[in-house]
Each structure stands twice: as structure tokens, then as C-alpha cells.
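[1] Could you work out the structure for the sequence below:
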Amino acid sequence: MQKLLLSLVIPFLIVLLILPSITSADELADLAKKIEDLSNQRQLSEQATKPLESQLKNLETQLNGIQSQLNNIGNQLKQKRNELTQLEAEIARQEENLAFEEEILGKTVRSYYIKSRQYVPILIILGGGNVADITRELAYQEAVSQQDRDIIITISSQIRDLSNKKEQAQKIKQDLEKQQGQLAGLQTKVDKEAEFYRMEVDNAKKFQADLSSQIAELTAKQQAILGEKSGTFQTTVGDVPLADDPNSRPDFNPGFSPAFAAFSFGAPHFKGMSQYGAFGRAKSGQSAEQILKAYYGDGIEIKKDYSIGAQIVVEGYGSYSLEDYAKRIYEVPNSWGGEGGMEALKAQAVAARSYALARMQSSGSICATESCQVFKSEPKGGNWEQAVNSTSGWVLTANGQPFSSWYASTSGGYQESYNYNGYSTPGFWDTPSGRSGWTSQAYEKVAGSPWFYKGWYKSRSGDSCARSHPWLTGEEMADILNGWEVLFNGVGDSSRVTPLGPCWGDDPYNMSELRSVGGFTSVSGVSVTYSDGGTTASVTFSTNKGSVTINGNDFYRAFNLRSPGRIALKSGLFNIEKK
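    Model (predicted):
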């Protein structure tokens, strides 16, 4: 039985002693190095004033990996402790069994000693035994002595084995205590590093949240500035084409250098049908139906038998039948019909009906201004009435209901998608060849829209706040970059980033004050990158502080909050030119 127990315990002990101790020692050394590397990275992070959240997330991932390794080693040590417990229990059982065998051993040793000292033959002869008896007695005595020797050897061997096991168990205990101490130390360091980086991540997120909060908590004055400058108004072509302004074109000479100007592609919203784009498509030979499908998508239905007796309630004017209402819409000039744009007028007539019907379903009435559709009491007549009559009863529908068919003058060559009543219009570059032909082949460019690429420096009323063009000096462009620094990088007082000039009031930073906060003193070059989604992705400036790249949307906001006078960007798709 004892041999069987020994045969089971010894292989178990060999596996326990050899395999885990080698692997865990290597892993612990490796982890110590990784943690040391992280400590060095933490020192670098502490020196950085603006740690990036993505870097911190990467460090957090590394810490999670280290923690996983520590957990694995901990599981190995736990297994070793369980195996040690089993070994100690087996030693205790063997000790209990050997306590009885040691008593037998003592008696056997005494018996063997006594028998080995007896002179057996003389005693037998003196006892009168014959030769055969003497021989048998001697053989018996020898057998008993040999049995005693075997018992002594076996039990002594078991005692030695048990002693060896105790020594091995003691060594395992010492190794376990050492490795557990190392593990506890590494765990403490990992916990400390993890806590630091979690705090760093939280601080980075808080920093970003604070910036977002600063932007969200712009003063009422700043909101008004953005409202006016960003072009948050509804406008269409109206009865006459948009007026051109030579000073707003890129070929204008401001009379100084370096000079910078921001040019917007289109204004003010970019969803649905572009009126100038429709004009350009018509001049290129497209039909009204093709134009409507292009802007509102193949999934839109052109219903050609809608009830012409449907009533449209116009605020301030009363109720009109659908066709009488359409004849009084003043959204595009009659002159387009004689310039190859008759199909554009037809497309506009269908869009006007559809928009009015959708508005009636949602609001019960429609306004008579460009906030809805420009309506006048007298029919417009001419080419427009011809377009209305030739499309009588044509209405755009989606999911069986009139579709709210948005449109505006000029999108700048990219139409944004929008959703109404579960149907989404496409987003696309409004050119014959996609983005590659954008600036030269856009249908709005073909149609000659003065808003396709324009530098804005006047309000809608014509006030320019003492500016005669949209061009800025290098110092003025640097001033806008200083405004961006305050608005988006957490320095200075963001509420004071408002335009300079006599028409805004309040207490804006003067250029010297803002320069001392932002640090930009000069701009010598600029380049722009566009996204595939119809926006300016980024703007890169060469400055006294080196190359600086700004997110397009951030620059759009900073520019409109700080650019002097009425100078503004009206579109998220824009360019910055330098002379």
C-alpha cells in the first residue's frame, strides 16, 4: 500500500517542482520589464501638457494585458498551493502509518540483535537434539534473522523517503512564498499604474468635455454672430438671379501681400435640389424627371395624377388649390426658360407642390417667405406658368405620402443626404464625373451661379462693416488662429473671441491681447484637404509656430467667431486662398 502511495506522489511532485517554477519565473521577469517600461511612459506622459486620449487608451490596454498575465500566474501559484496541500496531507498520513511501523522497527532491531548474539548450535546440542533437528533449527533461525533484516531495511527506507519528501515540501513552500511576494509587489505596481492611467484617461475625457462645454456655453452674442455669419438662413434664387459682386471673386486684387481669403462653396444649406444645379442639368440636356431623380433619388416616386384640387393654406393669404398655389411661387427666374433651363423650371414646379403638400400634412399651413417658399398673390406667368401647366398634378411621394422636397440656390457642388418620413435622399457630388470634376464641371458652375465659389464679406442687407472685400492680411489670419487656440485648446477666455470691427460691440480681445494668449504672429502659407463627404476635412497653415493642421469644422467655427467685420464662411465646404 505504501509503495502504491509513493508511486502516485512522486510523479505528482516532480511535475509540481519543475514545470510551474520555470514558466512563472520567466513571466514575472517579463512583467517586471513591461511595468518598468510603463513607468517610463508615465513619466513622459506627466511631462506632456496635453496627453492624447488614444495614447492613454493604448496604455490602458497594455495594463489590462499585464493584469491578465498576473492573473494567469496567480492561478498557477494557486494550483501549486493546492498540490502542496495534497502533498502535506499525504506526508501526514505516512507519518501516522510509520509511527506504528517505527515501533515494529524497534522491536525487530532488538530481536535481531539478540538472535545475532545467541550461539544456537551449542544450545541445541546441549539440549540433546539430533543432527536433523539441529539443521532445521539453524535454517529457521537464519530465516527469522533474514526477515528481521528485510523489515529493518524496508522501514528504514520508508523513513528516509518521508524525510526527503518533507525537505522537498519545505523547498516548495519557500519557492511559493518568494513567488507570491514577487507577485504581490508586481500587483501593487500594476494597480498603481492602472490607477494613474485611469485618472489620466478621465482627465483627458474631462478636458475634452470641458472644451465641448466651453463651445456649448458660448455667449448669446457669439451665438448671434455664428447665426449671421454661418448662413443659417433660408434662401433661394427668387425672381431674379443672385447678384454678383466682383470684389467677392478670387481674381480680386486686395492691394497687399501676403493676403488670405476664405471662399465658400455654396450657401446656405445643401440638401435636396440645387436650383442652379438643376439649371445646369437642364442646359446639359436632362429632363425634369431626370433632374428630380438625381436630387431626390431613384427611390422617390413621381406621381403624375395627384388631385389638383388639394388645398394649400398660405399664412396671410388664405387657401388656394394646388395648381393655383403653384402658379404664385416666385422661386426661379422666368429668364431661365429662354436660356435652356425650361426643364429646371418644371422640376422646380414639382418640388414646390410636393413641399407644400408635405408642409400642410405636418403643420396645416405654409408660410409665404423663403423660410418656406416665396409666394405672391399674383400668378408669376410666363415660362413659370408654362412649366406649372406642363407638370399639372406631378407630385413627389415616398412611402405613399408627399415628400418634403427641400431645395436651395447653390450647394457648392455637393448635395448632402437628408431623411423625411422614412426616406433618405442621396448624398453625392453634383457633377458629371463625381468629385474629380467638382470645381470645373459642377452643374452649378455650368449654370453660372455667383454663389458657387464666393468670398463673403457683407450681410444680407448689404452692410459690410467698413470692409470692401473678404481678403485678410497675414496678421489678421494669425489673429484668427489665435482665436482657434482659445476656443479649442483651453487657453484664455473663449467668451471674448468675437469679431473686431465697429458693428459687433462687446469686449473682444484686441489683436495684441489675443496674440499674447495664442502665440501666432504670422502666417506664410496654407493648404486645404477635402473629405469624400463634401466638407473641408482640414486646413494646414505655415506659421511662426511651425505647421499647424486644424480640423475643418473647428476652423469654420473659429473663423466665423473671429473674422473681422462681416467676413464669413457660409459652407462647411470651403477653401483658403493666398495671394
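
[2] quick one: the strands in the stretch 251-400 of the chain?
    Using DSSP state E, counting those that start in this stretch, the strands of the stretch 251-400 of the chain run over 259-264, 273-274, 301-303, 311-314, 318-321, 395-398.

[3] For T521, see how far away V491 is.
    16 Å (CB to CB, to the nearest Å). Any C-beta I mention is one placed from the backbone N, CA and C, and that applies to glycine too.

[4] Equivalent analysis for R353, please.
    Using CB to CB, one gets 57 Å for the distance from R353 to T521.

[5] Same check on G364?
    Using CB to CB, G364 is found at 58 Å from T521.

[6] who's more crowded, these two?
    T521 (15 against 8; other CB atoms under 10 Å).

[7] re the thing from before, need the strands of the stretch 251-400 of the chain in CSV with mean pLDDT, mean neighbour count and distance to S571, can you?
    Below are the strands of the stretch 251-400 of the chain laid out as CSV (pLDDT from 0 to 100; neighbours: other CB atoms under 10 Å; distance: least, CB to CB, whole Å):
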stretch, mean pLDDT, mean neighbour count, distance to S571
strand 259-264, 96, 24, 4
strand 273-274, 96, 28, 12
strand 301-303, 97, 16, 29
strand 311-314, 97, 18, 31
strand 318-321, 97, 14, 35
strand 395-398, 97, 23, 26
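
[8] of those, which approaches E475 most closely?
    Ranking the strands of the stretch 251-400 of the chain by proximity to E475 (CB to CB) places strand 259-264 first, at 10.3 Å.

[9] hmm, who's touching the closest one?
    231, 250, 254, 412, 451, 453-456, 469-474, 476-477, 523, 526, 559, 563, 567-571, 573-579 (CB atoms under 8 Å, 6 or more residues apart in numbering).

[10] Which of the residues you listed are buried, as a PyMOL select command?
    Remark: buried members of the contacts of strand 259-264, expressed as a PyMOL selection using 16 or more other CB atoms under 10 Å:
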select buried, resi 231+254+412+451+453+454+455+456+469+470+471+472+473+474+476+477+523+526+559+563+567+568+569+570+571+573+574+575+576+577+578
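
[11] Sort out for me which of the contacts of strand 259-264 are in helices.
    Members of these lying in helices (criterion: DSSP state H): 474, 476-477, 559.

[12] Go through those residues and name the one nearest E167.
    Looking across the ones in helices among the contacts of strand 259-264 and measuring by CB to CB, the closest to E167 is F559, at 80.8 Å.

[13] domains of the chain?
    As recorded under automatic domain parsing, the domains making up the chain are 2-216, 228-237+244-265+455-578, 273-447.

[14] mean pLDDT lowest for which of the ones you listed?
    The weakest mean pLDDT among those belongs to domain 2-216, with a mean of 58.

[15] Direction included, what does the helix or strand containing V539 pair against?
    Of the helices and strands defined by DSSP states H and E, V539 is found in strand 536-543. Next to strand 536-543 in the sheet, as set by DSSP bridges, lie strand 523-530 (antiparallel), strand 546-551 (antiparallel).

[16] Deepest-packed of the ones you listed, please.
    strand 523-530 (a mean of 16; mean count of other CB atoms under 10 Å).

[17] Identify the residues contacting F452.
    By CB under 8 Å, 6+ apart, the contact list for F452 reads 265-266, 276, 410, 412-413, 442, 444-445.

[18] Give me the nearest residue to it, chain neighbours excluded.
    In space, and not counting its chain neighbours, F452 is closest to E444: 4.7 Å by CB to CB, 6 or more residues apart in numbering.

[19] Hmm, D430 and the one you found touching each other?
    Yes. Taking CB atoms under 8 Å as the definition, E444 is a contact partner of D430 at 6.8 Å.
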